[in-house]
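Enquirer: predicted model, plus sequence, below.
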Amino acid sequence: MKSLIPRALIAGLAGGAVLNLVMVLTFRLIGFGWNGGGILLDPSVQSQKLIAVWTQIEPLPLVVSRPAPIIIGLMLFGMGHALVYRWLSPAWPPGIVKRAIRLAALIFFLSFVFWEFFTPFNQFGEPFLLIGLELTFWAVIAIAEALAIVSVMESKINV
């Protein structure tokens with residue numbers, strides 16, 4: 001019997017890599033803009049407090065000023081998500097898509113919805129429309145990460 005721990009760690013690295021990549025494609029390219037100017041920094045629709053936190057108040061968020069620790073941290077989250085998948089998946093129906101949807105929902109609601117509620121909404125007064133956009137980004141990120149993790153975990157390749 002093959003060990004599932006190495007497979008879960010590899011799946012987690014794949015999930016973390018996808019999580020980072022899709023965050024760049026959603027939040028960075030669309031939300032903030034590669035050089036600023038994205039909708040999430042548009043003063044006509046965004047909270048001035050949130051704009052200041054991301055662009056003016058020192059120290060700037062690490063993801064802006066020194067992204068390496070955040071990238072590494074997201075890789076670790078991916079590994080944690082894969083271990084959670086390893087723990088819960090025996091109770092889930094078979095199939096990559098069915099299992100990925102469950103894992104994505106778990107990640108989305110326990111991490112991303114909580115984050116949006118507690119920080120942008122609670123602390124920064126971000127408008128509901130932009131929170132909705134961000135939740136859409138997070139849903140895409142959760143689905144992509146979950147598909148990567150489940151695909152590796154369910155692959156027939158020996159690790």
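Expert: Okay, I see it.
Enquirer: ok, now how distant is Val64 from Val97?
Expert: 35 Å (Cβ to Cβ, to the nearest Å). C-beta coordinates here come from the backbone N, C-alpha and C atoms, glycine included.
Enquirer: sorry, slip of the keys, the one I care about is Ala52.
Expert: Noted for Ala52: a distance of 42 Å to Val97, by Cβ to Cβ.
Enquirer: got it, and Ile71?
Expert: For Ile71, the distance to Val97 equals 28 Å [Cβ to Cβ].
Enquirer: then Val24?
Expert: Counting by Cβ to Cβ, the gap from Val24 to Val97 is 25 Å.
Enquirer: looking at these two, which has the bigger crowd around it?
Expert: For Val24 versus Val97, the count of surrounding residues by other Cβ atoms under 10 Å is larger for Val24: 13 against 10.
Enquirer: helix, strand or coil: sort out that one for me.
Expert: helix (DSSP: H, G, I helix; E, B strand; the rest coil).
Enquirer: ok, it - contacts?
Expert: Applying Cβ atoms under 8 Å, 6 or more residues apart in numbering, we find Val24 in contact with no residue.
Enquirer: burial check on Leu21, number of neighbours?
Expert: The burial count for Leu21: 14, using other Cβ under 10 Å.
Enquirer: likewise for the one 5 residues further on?
Expert: A count of neighbours around Thr26, defined by other Cβ under 10 Å, yields 20.
Enquirer: thought Phe137 was touching it, still the case?
Expert: Yes: applying Cβ atoms under 8 Å, one finds Thr26 in contact with Phe137, separated by 3.9 Å.
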